[in-house]
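1. This is the structure alone, sequence omitted:
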Ligand SMILES: NC(=O)C1=CN([C@@H]2O[C@H](COP(=O)(O)OP(=O)(O)OC[C@H]3O[C@@H](n4cnc5c(N)ncnc54)[C@H](OP(=O)(O)O)[C@@H]3O)[C@@H](O)[C@H]2O)C=CC1
Ligand SMILES: CC(=O)C(=O)O
Ligand SMILES: [Mg+2]
């Protein structure tokens, strides 16, 4: 993606002689300094500088990685605008990959909101303007018939995980088209930082089938195809070609994570490929697993079992119905009741009101299991008063829907209402942490998709949890990869939920926290990975033989380290 004026007829720059772009294959000297995977900047030792033709290309001082880390953190903290911090982090990733990951791992609680939600949302919205070097692989409608060739342009061969989006439902921000690339890039950074998957094994992909976002179509800096979204056969054929090409290029065991597709494609893609590929949809399944884990933990504070509770969702799309289905599955397994019976404790509200049987004719297939017999109810407050849920979960993608009346109604029904405002980014959260604690008069147990700071209410400090699939997918993916899993089974998601819930300590519970702190996420991911792999072995889905005895230790041993290697 050069800045020159390209002459489309001969592929060259107008008025210039054609040249061959060439490079040396072993990095040394200037090339080594410009290679983010191997660059150490000022931390190259005297011996390395001498051996690799770096003498004179760096100032004389030799730094440590720790000192570099301190310097970068100082620089990042000086930026007050979150997007500036995001750009600084991406610049670092493109300059010195190991330093980027060392910093992200060591300051995960501080930097997660920078490289991930909420800031990544703004980065996607402004992607065209902040775009510097391309990250990830773009496959567009123009590549139809040659998707395999495009995949082969990616410089790495040993890919283990792909996160792919078509950009139609980026967080709760809607259709951002090709600019959705920020999401697979961000998710895969977390695969490495939080789950320990090697960066070179991660491939972010955006499938560009156009956008229906008129603002982007009118934007001169928009980087994607300037056309409306392809639908139907044209869309399906490109995705089919993509899925086939991925398997041809990377083999049977390549893990594909679908991310931020709109629900009309998300469910059908998952259903189409779950039996032929190692795939999962993070928004449907990863989210379900993290929320179920939060519920299992919350039972320690609320008492009772899952089946003693009544659940009400605002939002009946991917996240809402995905979570609802996994809760029902867990209830059904634990109580021995049928899944249909288990579903009766779970209710969903969508943009047209409570999902009920009289609406069946007009409901999409994924809402049908939730269309219980009930009078129609048109709004959330009435639904809360009528259904009397103990757990209220927001998955609408629309901000500030949990009004004071809604939270007060939840608090009058329950001694400790559990309220989850899962929509991202922060602007789309159904309520803020402060609103949840203040309006419930300190009674609520609260978690949100994007982070909120602790809140002081009547001299007591309340620490909100972050219910985000980022707790699950890195460890889940590591578990699948390390045991050579061949397919994703719902029981693996249940195992991941239990793995995460088992990491919440008594100290956390004493503070009312239902998710463990992100500061210990690598340890948490190793435990999730072990649980997932263990279940995969039990179900006959793991191909790595023999089964390692200690799966937690094995997971830890598979994890990427960002510490600089010493070059010969
Ligand atoms: N915390 C986390 O880890 C995750 C959070 N999310 C967040 O969840 C949100 C939703 O994602 P997803 O489920 O994929 O999106 P979908 O588009 O699949 O679903 C959105 C649902 O919300 C409903 N809805 C929209 N507006 C309203 C309204 N005003 N009142 C009531 N219901 C409404 C829609 O109704 P209808 O069907 O009638 O159109 C639909 O059922 C996003 O903000 C996303 O960021 C998603 C995944 C993970
Ligand atoms: C977290 C996430 O996956 C989402 O908001 O879409
Ligand atoms: Mg998502």
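-> Here it is on my side, so go on. The model shown is predicted, which means the values in this text are computed figures rather than measured ones. Ligands and ions are numbered 1, 2, ... in the order given.
2. what about stretch 456-465, start to end distance?
-> 15 Å (Cα to Cα, to the nearest Å).
3. That stretch close to ligand 1?
-> No. Taking Cβ under 6 Å from any ligand atom as the criterion, stretch 456-465 and ligand 1 are apart, separated by no less than 10.8 Å. Placement of C-beta: from N, CA and C, glycine included.
4. Do me a favour and average the pLDDT over stretch 87-107.
-> What stretch 87-107 shows for mean pLDDT is 97.
5. Buried residues in it, which are they?
-> 87-90, 92-93, 96-105, 107 (16 or more other Cβ atoms under 10 Å).
6. What about the closest residue to ligand 2 within the stretch 351-500 of the chain? Give its phi and psi, please.
-> Residue nearest to ligand 2 within the stretch 351-500 of the chain: residue 424 (3.7 Å; Cβ to the nearest ligand atom). Dihedral pair for residue 424: phi -120, psi 160, per degrees, to the nearest 10.
7. I'd say it and residue 450 touch.
-> Yes. When contacts are counted by Cβ atoms under 8 Å, residue 424 is listed as touching residue 450 (5.0 Å).
8. Any idea how many residues pack against residue 140?
-> Residue crowding around residue 140 was assessed by other Cβ atoms under 10 Å; the count is 19.
9. List the buried residues of stretch 149-158.
-> Neighbour-count burial for stretch 149-158, counted by 16+ other Cβ under 10 Å, picks out 150-151.
10. For that stretch, measure first residue to last.
-> End-to-end distance for stretch 149-158, by Cα to Cα: 16 Å.
11. what's in contact with that stretch?
-> 137, 139, 143, 200-201, 203, 245-246, 249 (Cβ atoms under 8 Å, 6 or more residues apart in numbering).
12. try 6 Å
-> Here stretch 149-158 makes contact (Cβ atoms under 6 Å, 6 or more residues apart in numbering) with 137, 139, 143, 200, 245, 249.
13. Distance of residue 346 relative to residue 225?
-> Distance of residue 346 to residue 225, computed by Cβ to Cβ, to the nearest Å: 40 Å.
14. what about those two, which has more around it?
-> More neighbours surround residue 346 than the other of residue 346 and residue 225, with 26 against 19 (other Cβ under 10 Å).
15. contacting residues around that one?
-> Residue 346 neighbours (Cβ under 6 Å, 6+ apart): 311, 324.
16. what pairs with it across the strands?
-> Counting by DSSP bridges, residue 346 forms beta bridges with residue 311.
17. pLDDT weak spots in this protein?
-> Residue ranges of the chain with pLDDT under 70: 1-16, 22-25.
18. Alongside ligand 1, which residues does it contribute?
-> Within the chain, the residues that sit near ligand 1 (Cβ under 6 Å from any ligand atom) are 169, 171-172, 263, 283, 287, 290, 314-320, 349-352, 395-398, 401, 422-424, 428, 449, 467-469.
19. Pull up the pairing partners for the longest strand along the chain, direction included.
-> For the chain, the strand with the greatest residue count under DSSP state E is strand 202-208. Strand pairing for strand 202-208, using DSSP bridges, gives strand 137-140 (parallel), strand 161-165 (parallel).
20. can you list these in JSON lines and add distance to residue 216?
-> Output for those, formatted as JSON lines (distance: least, Cβ to Cβ, whole Å):
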{"stretch": "strand 137-140", "distance to residue 216": "14"}
{"stretch": "strand 161-165", "distance to residue 216": "15"}
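21. right, so the ones you listed: which one is the most enclosed?
-> Comparing those by mean neighbour count (mean count of other Cβ atoms under 10 Å), strand 161-165 ranks first with a mean of 27.
22. hmm, who's touching that strand?
-> Residues contacting strand 161-165 (Cβ under 6 Å, 6+ apart): 180, 183-184, 187-188, 202-206, 255-257, 259-260, 477.
23. which residue sits closest to the residue in the stretch 351-500 of the chain positioned nearest to ligand 3 in space, ignoring its chain neighbours?
-> For the stretch 351-500 of the chain, the residue closest to ligand 3 is residue 469, as judged by Cβ to the ion, at 6.8 Å. Spatially, and ignoring its direct neighbours in sequence, residue 469 is nearest to residue 286 (3.7 Å; Cβ to Cβ, 6 or more residues apart in numbering).
24. In the stretch 401-550 of the chain, which residue sits closest to ligand 1?
-> Nearest residue of the stretch 401-550 of the chain to ligand 1 (Cβ to the nearest ligand atom) works out as residue 449 at 2.8 Å.
25. my read: that residue touches residue 425, true?
-> No. Using Cβ atoms under 6 Å, residue 449 makes no contact with residue 425, being 8.1 Å away.
26. quick one: which of the two has more around it?
-> Legend: neighbour count by other Cβ under 10 Å for residue 449 and residue 425, higher for residue 449 (29 against 23).
27. Just list the residues touching residue 536, thanks.
-> Contact analysis of residue 536 by Cβ under 6 Å, 6+ apart lists 483, 485, 542.
28. If you rank those residues by neighbours, which is first?
-> residue 483 leads those on contacts (other Cβ under 10 Å) with 27 neighbours.
29. what's near enough to touch that residue?
-> Going by Cβ under 6 Å, 6+ apart, residue 483 touches 533, 536, 542, 544.
30. quick one: which two of these are the most distant?
-> 536 and 544 (9.4 Å; Cβ to Cβ).
31. What helix or strand is residue 76 located in?
-> Using DSSP states H and E, residue 76 maps to helix 65-78.
32. in that helix, what counts as buried?
-> Neighbour-count burial for helix 65-78, with 16+ other Cβ under 10 Å as criterion, is recorded at 65, 68-69, 72, 76.
33. One more: stretch 287-306?
-> Neighbour-count burial for stretch 287-306 [16+ other Cβ under 10 Å]: 287-299, 302, 306.
34. what about the strands in this protein?
-> Under DSSP E, the chain gives strands at 137-140, 161-165, 202-208, 255-258, 278-281, 311-314, 346-350, 353-354, 391-394, 418-421, 445-448, 455-457, 460-462, 465-466.
35. Would the second one count as contacting ligand 2?
-> So that's strand 161-165. No. Strand 161-165 does not reach ligand 2 (Cβ under 6 Å from any ligand atom); its nearest approach is 9.5 Å.
36. Kindly report the residues of the stretch 251-400 of the chain close to ligand 2.
-> Counting by Cβ under 6 Å from any ligand atom, the residues of the stretch 251-400 of the chain near ligand 2 are 260, 282-283.
37. Please apply the same query to the stretch 51-200 of the chain.
-> Taking Cβ under 6 Å from any ligand atom as the contact definition, the stretch 51-200 of the chain meets ligand 2 at 117, 171.
38. how about the residue in the stretch 51-200 of the chain that ligand 1 sits nearest to, what does it touch?
-> Nearest residue of the stretch 51-200 of the chain to ligand 1: residue 172, at 2.7 Å (Cβ to the nearest ligand atom). The contact partners of residue 172, by Cβ under 6 Å, 6+ apart, come to 397, 423-424, 428.
39. out of those, which are buried?
-> For the contacts of residue 172, buried by 16+ other Cβ under 10 Å: 397, 423-424, 428.
40. Which pair of these spans the longest distance?
-> 397 and 424 (8.2 Å).
41. mind putting the contacts of residue 172 in TSV, distance to residue 389 included?
-> Output for those, formatted as TSV (distance: Cβ to Cβ, whole Å):
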residue	distance to residue 389
397	20
423	18
424	22
428	21
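42. any idea which of those residues is the one closest to residue 60?
-> residue 424 (46.4 Å).
43. Up against ligand 3, what does the protein have?
-> The interface of the chain toward ligand 3, taken as Cβ under 5 Å from the ion, is made up of 259-260, 283.
44. Most neighbours among those residues, which one?
-> Sorting these by how many neighbours each has (other Cβ under 10 Å) puts residue 259 first, at 29 neighbours.
45. correct me, but that one touches residue 282?
-> Yes. With contact defined as Cβ under 6 Å, residue 259 counts as touching residue 282 (5.1 Å).
46. so how far is stretch 433-443 from its chain's centroid?
-> The chain centre lies 28 Å from the centre of stretch 433-443; the measure is Cα atoms, centre = their mean, to the nearest Å.
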